[in-house]
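**Q** Pasting the sequence and the predicted coordinates here, then a few questions.
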Amino acid sequence: MFPYGVTQHFESLAGDGQNDPIKRQFLPDAREDLPDPFALDDPLGEGRHRAAPRLVHQYRDRALLLAGGACAAYCRYCFRRVWLASSPGFIGGGELEESLAYLAAHPEIREILVSGGDPLTADNARLEELFCLLRQARPGLLLRVCSRMPVTSPSRLSGETLSLFRRFRPLRLSIHINHPRELAPLTRERLAAAVDGGIPVHTQTVLLRGVNDDAALLADLFRECLNAGLTPYYLFQADLAPGTAHFRVPLKRGLEIYGELSALVSGLALPAYALDLPGGGGKIRLCEGIIAGEKMTPAGLVYLLRDNNGKLWEYPY
Ligand code: SF4
């Protein structure tokens, strides 16, 4: 039971018709109830790397804190939809203490992704308290705040929020943006204020069928991001969350789109095309030659993808 929710601002970006690319991102769709033999409740396999109830430590020098337990608008393709459906709330109490203790005991962690859910759904007082505790546990820790709110509710990036961010530098903002229309005037203005104020901003985009599966449209998006002072960082192949199969672009088509995109934009405007390997294998860059073979499984035909260690992973055909 994934929640429904959208902000007035994000809804105002939508055009007519049910297939509008903005509407498709927040309107529930009957196809979410179709059976999907490939679906995984925990598509990134984060459970395999849980160091504490809300802390995932998969890569040596960085960890992910599931801080926010809600979002301002709910993306129907969300890869944490099963976790979010349990209404986890903002991190606190024993869950936070366990995370802080782990961070304090692991000096190899130099960067923390403050994610969720959307951490900016919490007010600034709670964010400030969280940032203070993280820095007490690990002085010098780089904070990477991951949020969709600059797009769904840009007024959240108020002057007060940006001054909070400035006080906790080194801090970087990682925003989730999928379509050129999402760069609305207020979003541009608030992100420009962030960049001008010394907060670097990176983008993450999910390749979504019927939303942005078009090289020219993605080229527009990333060029505009670059012109707005943002760094295009990742373009993600969709994960295998339940109820999201209708959003998945076939992997071979995704590789074609990325090839076309690479010819359209400069290297500065080209994010890395990547996949979080289903089941906890971590991120791999998707490129020509990544497909090592095909295999029939009980769920259906899959591609075999080879990770950096030579291990083979499966992704639906
Ligand atoms: S903002 Fe992120 S966590 Fe929230 S619903 Fe969208 S994809 Fe999921």
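**A** Sure, I can see it. Numbering: from 1, shown residues only.
**Q** Residue 291: neighbour count?
**A** By other Cβ atoms under 10 Å, 15 other residues sit near residue 291. In short, each C-beta sits where N, CA and C put it, glycine included.
**Q** correct me, but it touches residue 251?
**A** Yes. Using Cβ atoms under 8 Å, residue 291 makes contact with residue 251 at a distance of 7.2 Å.
**Q** what touches both of these two?
**A** Taking Cβ atoms under 8 Å, 6 or more residues apart in numbering as the contact rule, residue 291 and residue 251 both touch residue 303.
**Q** Which strand or helix spans residue 194?
**A** helix 185-196 (DSSP states H and E).
**Q** The helix or strand following that helix vs helix 185-196, what angle?
**A** Next helix or strand after helix 185-196 toward the C-terminus (DSSP H and E): strand 201-206. If you take axes from the mean of the first three to the mean of the last three Cα atoms, to 10 degrees, strand 201-206 sits at 130 degrees to helix 185-196.
**Q** anything in strand 201-206 near the ligand?
**A** No. Using Cβ under 6 Å from any ligand atom, strand 201-206 stays clear of the ligand, coming no nearer than 7.6 Å.
**Q** Tell me how far that strand lies from the chain's centre.
**A** Its chain's C-alpha centre and that of strand 201-206 lie 7 Å apart, by Cα atoms, centre = their mean, to the nearest Å.
**Q** surely residue 68 meets residue 121?
**A** Yes. Assessed by Cβ under 8 Å, residue 68 is found in contact with residue 121 at 5.3 Å.
**Q** Would you mind grabbing the residues shared as contacts by those two?
**A** Counting by Cβ under 8 Å, 6+ apart, the residues touching both residue 68 and residue 121 are residue 90.
**Q** which one of the two has more residues nearby?
**A** Neighbours were counted for residue 68 and for residue 121 using other Cβ under 10 Å; residue 68 has more, 28 against 21.
**Q** Might you report the residue contacts of the more buried one?
**A** So residue 68 contacts 90-91, 115-122 (Cβ under 8 Å, 6+ apart).
**Q** Could you do residue 307 as well?
**A** Contacts for residue 307 (Cβ under 8 Å, 6+ apart) come out as 277, 281-282, 284, 313.
**Q** Also residue 183?
**A** 177, 221, 224-225, 228.
**Q** next one: residue 101
**A** 52, 137.
**Q** Help me confirm that it is found in a helix?
**A** Yes. When DSSP: H, G, I helix; E, B strand; the rest coil is applied, residue 101 is found to be in a helix.
**Q** ok, and the closest non-adjacent residue to residue 61?
**A** residue 110 (4.9 Å; Cβ to Cβ, 6 or more residues apart in numbering).
**Q** ok, residue 13 - contacts?
**A** Contacts of residue 13 (Cβ under 8 Å, 6+ apart): 22, 181-182, 184.
**Q** any idea how far residue 286 is from residue 253?
**A** Residue 253 sits 12 Å away from residue 286, going by Cβ to Cβ, to the nearest Å.
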